[in-house]
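Engineer: task: produce atomic coordinates for the following.
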Amino acid sequence: MRQALEAAELDALLILGAENRFYLSGFTGSAAVLYVDAEAAVLLTDGRYASQAVEECPHWQLEVSSRVFPEGVAELVRKRGIKRLGAESQVLTWSQWEALRQVLPEVQLLPCRDLVEKLRLYKEPHEIQIIKQALALTEMGWQVLLSELRAGITEREWALKLEFYLRERGADGVAFPFIVASGSRSALPHGIASNKQVEPGDLVVIDVGIKLGHYCSDFTRTVVVEKVAPWQQRLYQAVLEAQQAAIAMVKPGVPAREVDRAARRVIAAHGYAPEIFPHSTGHGVGLAVHEAPHLSEKEEMLLQPGMVVTVEPGAYLPGQGGVRIEDMLLVTEAGAERLNLSPREELLLVGRRKP
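Structural biologist: The predicted structure is shown next:
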């Protein structure tokens with residue numbers, strides 16, 4: 001972090017984002033500011049979290065203030081004699097920014113982005129292990145609850161069953177509201193589970209993820225209920241081949257945009273228009289479920305060992321249905337390691353009635 005400060009020509013940095021606070025200090029409370037300069041690493045919080053901060057952050061100097069922001073911050077900055085102060089511009093609101101400017105008129109306040117996030121790009125072995133555990137639990141829940149996905153159940157009912165199963169077995173919470181979108185709703189890339197009943201012949205896009213030990217999983221499969229139509233099979237095959245082409249591109253030194261382009265070439269080769277694939281091919285996953293690198297058309301960042309990314313192309317036909325397939329990959333020195341265990345080589349038929 002201090003090397004990043006020096007490169008950015010900053011005297012000090014304020015860190016307010018929850019994921020960044022945890023990443024650097026281990027603090028899990030909801031109210032604190034981290035302060036880092038060339039010599040000091042200070043956690044500034046109020047009395048509610050003093051004991052917690054001592055326990056969670058033994059390597060940080062603790063400062064307790066009844067008014068952490070902006071008064072407590074200003075007092076600390078003046079005491080340290082700071083002239084060029086960076087703050088996370090993507091976290092502070094405009095009113096917070098202005099409040100900080102008013103209490104520190106003598107300090108040059110500089111907006112900063114991604115200084116901590118660039119460190120988070122590269123997962124250490126213990127981070128990778130937690131992500132693998134989160135994904136394994138997610139997939140176990142999916143496999144167990146799949147037998148209950150049948151005609152008549154609502155999207156929300158099934159999503160709640162899955163969430164309860166995962167929480168009961170150790171998940172800290174969900175990484176995002178579960179997407180369970182059936183029938184024509186499966187053409188909605190972010191079709192949050194609704195009260196719609198699942199019907200025979202429905203495609204169902206299921207996109208779920210949990211938080212475990214503060215790290216996220218992200219997993220998507222598409223299934224069809226009771227019977228499959230030829231158009232559904234063709235759409236699934238196009239997305240599957242697009243995902244396979246994109247996964248083959250995931251290796252060190254490859255620009256992230258090339259992974260995205262590989263998927264789009266396959267979708268186009270199957271005769272589908274560009275607009276049926278409206279989102280990026282993937283993204284990084286860690287403490288946040290969406291973080292860098294972004295596997296999108298404009299992302300020039302080179303993939304490097306230690307990055308964890310999703311590869312999730314999709315194709316959505318308005319009024320009919322959609323397909324998305326998502327796996328998580330770890331970029332390694334030799335290429336990439338697929339972290340998922342669930343198969344996706346064919347469109348899975350669920351909810352078949354017993355004779």
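
Engineer: using PDB, write out every CA atom in stretch 108-116.
Structural biologist: Listed in PDB are the C-alpha atoms of stretch 108-116, where the atom choice follows Å, rounded to 0.1, in the frame of the first residue of the first chain:
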ATOM      1  CA  GLN A 108      -4.700  19.200  -0.900                       C
ATOM      2  CA  LEU A 109      -7.400  16.600  -1.100                       C
ATOM      3  CA  LEU A 110      -7.000  14.300  -4.100                       C
ATOM      4  CA  PRO A 111      -9.500  11.800  -5.500                       C
ATOM      5  CA  CYS A 112      -8.100   8.300  -5.800                       C
ATOM      6  CA  ARG A 113      -9.500   5.200  -7.400                       C
ATOM      7  CA  ASP A 114      -8.400   1.600  -7.300                       C
ATOM      8  CA  LEU A 115      -5.200   1.900  -5.200                       C
ATOM      9  CA  VAL A 116      -6.300  -0.900  -2.900                       C
END
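
Engineer: give me the contacts around that stretch.
Structural biologist: When contacts are taken as C-beta atoms under 8 Å, 6 or more residues apart in numbering, the neighbours of stretch 108-116 outside the stretch itself are 1, 4-5, 8, 10, 13, 15, 17, 20, 23-24, 83-90, 97, 100-101, 292. Bear in mind the C-beta positions are built from the backbone N, C-alpha and C, glycine included.

Engineer: at 7 Å what do you get?
Structural biologist: If you take C-beta atoms under 7 Å, 6 or more residues apart in numbering as the criterion, stretch 108-116 is touched by 4, 8, 10, 13, 15, 20, 23-24, 83-90, 100-101.

Engineer: show me which of these are buried.
Structural biologist: With neighbours counted by 16 or more other C-beta atoms under 10 Å, the contacts of stretch 108-116 contain buried members at 4, 10, 13, 15, 20, 23, 24, 85, 86, 87, 88, 100.

Engineer: closest to residue 122 among the residues you listed?
Structural biologist: Closest to residue 122 out of the buried ones among the contacts of stretch 108-116 is residue 23 (11.7 Å), distances taken as C-beta to C-beta.

Engineer: isn't the closest one up against residue 118?
Structural biologist: No: Residue 23 lies out of contact with residue 118 (C-beta atoms under 7 Å); the separation is 11.4 Å.

Engineer: not counting its neighbours along the chain, what's nearest residue 190?
Structural biologist: With C-beta to C-beta, 6 or more residues apart in numbering as the criterion, residue 190 has its nearest non-adjacent residue at 6.3 Å, and that residue is residue 179.

Engineer: kindly apply the preceding question to residue 165 instead.
Structural biologist: For residue 165, the spatially nearest residue (C-beta to C-beta, 6+ apart) is residue 141, at 4.8 Å.

Engineer: confidence score at the residue nearest the centre of the chain?
Structural biologist: Residue closest to the average C-alpha location in the chain (C-alpha atoms, centre = their mean): residue 289, at 1.3 Å. According to the predicted model, the pLDDT of residue 289 comes to 98.

Engineer: residue 198 versus residue 153, what's the distance?
Structural biologist: Distance, residue 153 to residue 198, using C-beta to C-beta, to the nearest Å: 6 Å.

Engineer: if you count surrounding residues, which of the two has more?
Structural biologist: Neighbour count, other C-beta atoms under 10 Å: between residue 153 and residue 198, residue 198 has more, with 22 against 17.

Engineer: tell me the domain boundaries of the chain?
Structural biologist: Domain assignment for the chain by automatic domain parsing gives 2-120, 125-350.

Engineer: ranking these by burial, who's on top?
Structural biologist: Of the domains of the chain, the one with the most neighbours on average (mean count of other C-beta atoms under 10 Å) is domain 125-350, at a mean of 19.

Engineer: and that domain, how far out from the chain's middle?
Structural biologist: Taking C-alpha atoms, centre = their mean, to the nearest Å, one finds the center of domain 125-350 at 12 Å from the center of the full chain.

Engineer: same question, stretch 340-355
Structural biologist: 26 Å.

Engineer: if we can go back for a sec, what's near enough to touch the residue nearest to residue 165?
Structural biologist: The neighbourhood of residue 141, defined by C-beta under 7 Å, 6+ apart, consists of 162, 165, 166.
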